[in-house]
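Visitor: Predicted model, plus sequence, below.
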Amino acid sequence: MPALLVCLAAPVLFVVQIVWLGWVLLALAVASGVLVDRRAGVPLARSDEPSIARDVSLVAIGQFIVSLIPLHAELDNAAFVRFTLALGGAVVVPYVISRFVYRDRAISFPWRGGGRWTWWQWAWLGGVIVLGYLILPFYFITSGVYTNWPEVTTPDLIARLFVGVGAVGIWDELFFICTVFVLLRRHFPDLTANLLQAIVFVSFLWELGYQAWGPLLTIPFAIVQGFLFLKTRSLWYVVTVHLLFDAVVFGVLVHAHNPDAASIFLI
């Protein structure tokens, strides 16, 4: 119940956007986690034994911080500052609390974990480029969701879009995989934890702009990213996969407002 509540808060916060109700769900998630720990005899203070209350509180804190700003894509200086503070805080604050208050190492960022990439990892990177080219331009242009991002008509705006798309893509893996997924895995089987983190992942992407029939793409993407992290133990690998998709997204967004350029992608 605590894990389900904290994850169901995400669609309330980021899809239907009833912020106060989402905050209530986050609070209920933490409160129910405390009750579960008490019944199981798990100390709420520092302990080597995983605590659902502590772990759910970290996920709740991250979501609460993100919910403090609108997630509609904008490219002005104020938006960059808002996103940097909110998204950065959603990763840094739970990490600091976990490491220095709860005194555990549940959250980590294994950039070089998993060793050298295997043949199938390299093959999947190629597959990502092909799938991105075949799917993403069709999705953005035919659904019209490209209008959820500002039109970029100058080199400065194009550069800002490139930085913004890439930075948010990296953040997705830092928070949804290395924070939410990793914390939930301490209490659930891998598949269950992966499905739960996908709820939060996809809800965030919805408010960011991946709407219409976007969840048909973002749900499998979130689950696959969790699976890849389990198989590779490499944050660098899942970030690379994400950035390859985002490179196609960037190209589509730059050209989608120009009918001639858009037709090139559709061909």
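Guide: Done, it's in. These numbers were taken from a predicted model, which means no experiment stands behind them. Numbers count the residues shown, from 1 in each chain.
Visitor: Please count neighbours and contacts with C-alpha atoms only from this point.
Guide: OK.
Visitor: could you point out where this protein is predicted with low confidence?
Guide: 47, 257-267 (pLDDT under 70).
Visitor: Sketch out the helices for it, chain order is fine.
Guide: Shown for the chain, the helices assigned by DSSP state H span residues 2-14, 19-40, 52-66, 77-96, 119-143, 155-172, 182-185, 190-208, 215-232, 235-255, 259-266.
Visitor: and the shortest one, what other elements does it pack with?
Guide: Think helix 182-185. helix 52-66, helix 190-208 (3 or more C-alpha pairs under 8 Å, 6 or more residues apart in numbering; DSSP states H and E).
Visitor: which residues does Leu68 contact?
Guide: Leu68 makes contacts with Ala86, as judged by C-alpha atoms under 8 Å, 6 or more residues apart in numbering.
Visitor: Could you tell me how far Val163 is located from Phe175?
Guide: For Val163, the distance to Phe175 equals 18 Å [C-alpha to C-alpha, to the nearest Å].
Visitor: Between the two, which is the more surrounded one?
Guide: Ranked by neighbour count (other C-alpha atoms under 10 Å), Val163 and Phe175 place Phe175 first, with 27 against 15.
Visitor: what residues are up against the more buried one?
Guide: So Phe175 contacts 90-91 (C-alpha under 8 Å, 6+ apart).
Visitor: again, only using 6 Å
Guide: Val91 (C-alpha atoms under 6 Å, 6 or more residues apart in numbering).
Visitor: now it: how far from Val15?
Guide: 18 Å.
Visitor: repeat for His255
Guide: His255 is 27 Å from Val15, by C-alpha to C-alpha.
Visitor: again, but for Trp206
Guide: 6 Å.
Visitor: Likewise for Phe221?
Guide: 18 Å.
Visitor: same check, this time on Leu131
Guide: Relative to Val15, Leu131 is positioned 26 Å away (criterion: C-alpha to C-alpha).
Visitor: got the contact list for the residue nearest to Leu184 when sequence neighbours are not counted?
Guide: Nearest residue to Leu184, sequence neighbours excluded (C-alpha to C-alpha, 6 or more residues apart in numbering): Ala193, at 5.3 Å. Residues near Ala193 by C-alpha under 6 Å, 6+ apart: 181, 184-185.
Visitor: Val59 now?
Guide: Val180.
Visitor: how does it look with 10 Å?
Guide: 3, 6-7, 26, 29-30, 90-91, 94, 175-176, 179-181, 183-184, 197, 200 (C-alpha atoms under 10 Å, 6 or more residues apart in numbering).
Visitor: quick revisit: with distance to Asp104 added, can I get the helices of the chain in JSON lines?
Guide: Conversion of those to JSON lines gives the following (distance: least, C-alpha to C-alpha, whole Å):
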{"stretch": "helix 2-14", "distance to Asp104": "19"}
{"stretch": "helix 19-40", "distance to Asp104": "17"}
{"stretch": "helix 52-66", "distance to Asp104": "10"}
{"stretch": "helix 77-96", "distance to Asp104": "10"}
{"stretch": "helix 119-143", "distance to Asp104": "31"}
{"stretch": "helix 155-172", "distance to Asp104": "22"}
{"stretch": "helix 182-185", "distance to Asp104": "11"}
{"stretch": "helix 190-208", "distance to Asp104": "19"}
{"stretch": "helix 215-232", "distance to Asp104": "20"}
{"stretch": "helix 235-255", "distance to Asp104": "20"}
{"stretch": "helix 259-266", "distance to Asp104": "48"}
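Visitor: Tyr102: which of those is closest?
Guide: helix 52-66 (7.7 Å; C-alpha to C-alpha).
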